[in-house]
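Undergrad: Sharing a model prediction with you, sequence too.
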Amino acid sequence: MSNRSQGERDAVTVEIMYAVVTASLGALLAFGVVAGPVFLFGLGHPARGLLLLAGTAAAVLAFVGRTVHVLWRFSYAGDGARPQPSQPGRTRPDS
């Protein structure tokens, strides 16, 4: 059994879904930017293959990079990386 509360488990689930959704959108954008000319201009075989391969590589890198970035940031958010006010409703830590 885990020591995490239901709220903590829900927060992890939401953060993972956020990472996957935003990473998917970023991967789609990266693929479109790199491989888009293939579909817009109807390029020939050598250029078509190269751009599709480069677009796929860019999409994979964008997906992995975004997912790691979001989850890495989330994993350190609760470890004192960002100090929280000592009293709820206060905006400065020294209040």
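TA: Nice, I can see it.
Undergrad: From the chain's centroid, how far away is the longest helix belonging to the chain?
TA: In the chain, with assignment by DSSP state H, the single longest helix is helix 6-41. How far helix 6-41 lies from its chain's middle: 6 Å, per Cα atoms, centre = their mean, to the nearest Å.
Undergrad: Quick one: mean pLDDT for that helix?
TA: Helix 6-41 carries an average pLDDT of 95.
Undergrad: other SSEs contacting the following helix or strand past it?
TA: The helix or strand immediately downstream of helix 6-41 is helix 45-76, counting by DSSP states H and E. Applying 3 or more Cβ pairs under 8 Å, 6 or more residues apart in numbering; DSSP states H and E, we find helix 45-76 packed against helix 6-41. Just so you know, the C-beta spots here come from the backbone N, C-alpha and C atoms, and that holds for glycine as well.
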